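**Student:** Quick one, structure for this:
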Amino acid sequence: MPAGQGSGSGRGSGMGRGGQRQGMGPPKECKCPGCGYTSPHQPGQPCANQACPKCGTNMVGM
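**Tutor:** Numbers count the residues shown, from 1 in each chain. Next up is the predicted model:
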């Protein structure tokens, strides 16, 4: 058997594509799903707790 070639099946247990993924972090802005209004995200204040100033719908993080 040549050097560097074993008798194993060649199936390793690596992380695969991309490895362990990290979160995207906090949203950069809040957007209203109703009318499309956007505003900068305020740290420590979830977008879902903010009402859109134009139509009153709860905002979502983007």
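**Student:** List the contacts of Pro46.
**Tutor:** Gly61 (CB atoms under 8 Å, 6 or more residues apart in numbering). Using the backbone N, CA and C atoms, a C-beta is placed for each residue, glycine as well.
**Student:** cool, and the one 4 residues further on?
**Tutor:** For Gln50, the contacting residues are Cys30, Ser39, Gln42, Asn58, Met59, taking CB under 8 Å, 6+ apart as the criterion.
**Student:** With respect to Met24, which of those residues is nearest?
**Tutor:** Cys30 (14.9 Å; CB to CB).
**Student:** is it true that that closest one lies in a helix?
**Tutor:** No. Cys30 sits outside any helix when classified using DSSP: H, G, I helix; E, B strand; the rest coil, being strand.
**Student:** hang on, isn't it packed against Thr38?
**Tutor:** Yes. Applying CB atoms under 8 Å as the test, Cys30 and Thr38 come out as touching, 6.8 Å apart.
**Student:** if you skip the residues just before and after it, what's nearest to Cys35?
**Tutor:** Cys55 (4.7 Å; CB to CB, 6 or more residues apart in numbering).
**Student:** if I look at that neighbour, how far off is Cys32?
**Tutor:** 6 Å (CB to CB, to the nearest Å).
**Student:** Compare the two and say which one has the larger neighbour count.
**Tutor:** Ranked by neighbour count (other CB atoms under 10 Å), Cys55 and Cys32 place Cys32 first, with 21 against 12.
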